[in-house]
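In: quick one: sequence plus predicted model below, questions after.
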Amino acid sequence: MKKNLLLLLALLCLMPFSAMGQSRRTVITNGVLWKDTAGNVVQAHGAGFLYQNGLWYMIGEDRGDSWRPDVNMYSSPDLVHWTFVGKIIKNGETTPDLGQRRFIERPKLLYCAKTGQYVVWCHWEGRNYGASEAAVFVSEQVGGPYRLHHAGRPLDIKSRDCNVFQDADGQAYFISTIEENQHLGLFRLSDDYTEALSCNILFAHQSREAPAIARVGDTYYMLSSACTGWDPNQCKLSCSKSLTEGWSPLVNVGDSICYDTQAASILTINGSKQTTYLYVGDRWMDPGLPESKTIIFPVTFGDGKCELHYAERFEIDFETGEWKILD
Ligand code: DGJ
């Protein structure tokens, strides 16, 4: 009897969590500086994410050196335990311009199944935000080394704050604040994700930045902010059945300063019981640029509406997708 019990215990220890049908619950705490698994402060602002083989890869600005940010990469199974993968793009090393005439903001990561390459799109800027360019880096391995593919104004259009979106059919887009912060430009990318082929103007003359898109069924939901530098402002929602047209009028969501954040990404957690969306934003200048916090909270979408469930602490089960706010 005792022997059987020991055998059963040994078997349970060897089983992966999922095989046991057990939960993979994690508590996410907001408003604190994250530490990586080596105990160092996580530096990944304006973050972009890629989910592959059970791991979240997060890349972002290393504002440890405020105005010369390298791009750091971390990986995590649960958005809490972050392992530092490395500096995937480095000032003065990846390309001589970087750290001299140009700096990077809002790096975003795509995986192109057609080429097997990892592609980073980012805002590629100069002093006083006058350059208004984008840059593209590629690598055969997720952890790099990444090399510069090209930099400049996409389709000759001035481009600043940016994000990427990969649709269900594999088509990818670069979306950025264009023409001196007047409009958003939705750039359709080439099959290898490295070139902008066309541009649709969205929210003309409405000065939106920090765009982040999620697809829920056949509807696209976009969150964006106004342009107020490092100060937070009202987040607004729009939705459409098509990425290129038909976006609904912008409506306010959350509180008037979006809980002191500006959107960086929206993550999709495909759980066994439900699909959960997580808003990821930056709490800039808290109190300085290097200490800006990454803030995560659940967001629900449906019927053309959305609700931001900001909380200082919430629990999420990565197995089932279920979440709850904690006191
Ligand atoms: C707001 C943008 O979203 C940030 O990425 C950064 O460009 C700041 N403005 C600079 O003021």
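Out: Thanks, I have it.

In: relative to R283, how far out is the residue of the stretch 201-327 of the chain at minimum distance from the ligand?
Out: The minimum distance from the stretch 201-327 of the chain to the ligand, using Cβ to the nearest ligand atom, falls at G229 (3.9 Å). C-beta: built from backbone N, CA, C; applies to glycine. Distance of G229 to R283, given as Cβ to Cβ, to the nearest Å: 14 Å.

In: quick one: which of the two has more around it?
Out: Using other Cβ atoms under 10 Å, the more surrounded residue of G229 and R283 is R283, with 20 against 8.

In: contact partners for the nearest residue to the more buried one once chain neighbours are set aside?
Out: Nearest residue to R283 in three dimensions, chain neighbours excluded: K293, at 4.2 Å (Cβ to Cβ, 6 or more residues apart in numbering). By Cβ atoms under 8 Å, 6 or more residues apart in numbering, the contact set of K293 is N30, G31, V32, L33, D282, R283, D286.

In: so the fourth one is in which element?
Out: Assigning secondary structure by DSSP states H and E places L33 outside every helix and strand.

In: how many other residues sit next to the closest residue to it other than its chain neighbours?
Out: Counting by Cβ to Cβ, 6+ apart, V41 is the residue found nearest to L33 once chain neighbours are left out, at 5.3 Å. Applying other Cβ under 10 Å, we find 11 other residues in the vicinity of V41.

In: distance check, V41 against D303.
Out: Distance of V41 to D303, computed by Cβ to Cβ: 40 Å.

In: ok, P107 next?
Out: Applying Cβ to Cβ, the value for P107 to D303 is 33 Å.

In: those two: who's more crowded?
Out: More neighbours surround P107 than the other of P107 and D303, with 30 against 7 (other Cβ under 10 Å).

In: ok, the more buried one touching E61?
Out: Yes. Distance between P107 and E61: 7.0 Å, which falls inside the contact criterion (Cβ atoms under 8 Å).

In: so after the helix or strand of the chain with the lowest mean pLDDT, what's the next helix or strand?
Out: The element with the least model confidence among the helices and strands of the chain, by mean pLDDT, DSSP states H and E, is helix 2-14, at a mean of 53. As assigned by DSSP H and E, the chain's next helix or strand after helix 2-14 is strand 25-29.

In: over in the stretch 1-150 of the chain, which residue gets nearest the ligand? Let me know.
Out: When Cβ to the nearest ligand atom is the measure, the stretch 1-150 of the chain has its nearest residue to the ligand at E105, with 4.7 Å between them.

In: separation between the spatially closest residue to that residue that is not a sequence neighbour and T276?
Out: Closest residue to E105 apart from its sequence neighbours, by Cβ to Cβ, 6+ apart: H123 at 4.1 Å. H123 sits at a distance of 28 Å from T276 (criterion: Cβ to Cβ).

In: again with Y193
Out: Here the distance between Y193 and T276 works out to 26 Å (Cβ to Cβ).

In: check contacts around the residue nearest to L33.
Out: Counting by Cβ under 8 Å, 6+ apart, V41 makes contact with L33, W34, K35, G64.

In: residues from this structure in reach of the ligand?
Out: Of all the residues in the chain, those in contact range of the ligand (Cβ under 6 Å from any ligand atom) are G46, E105, R106, D161, E209, A210, G229, W230, Q262.

In: all strands of the stretch 201-327 of the chain, in order?
Out: In the stretch 201-327 of the chain, the strands defined using DSSP state E, counting those that start in this stretch lie at 208-216, 219-226, 235-240, 251-253, 262-270, 275-283, 293-302, 305-308, 313-317, 323-325.
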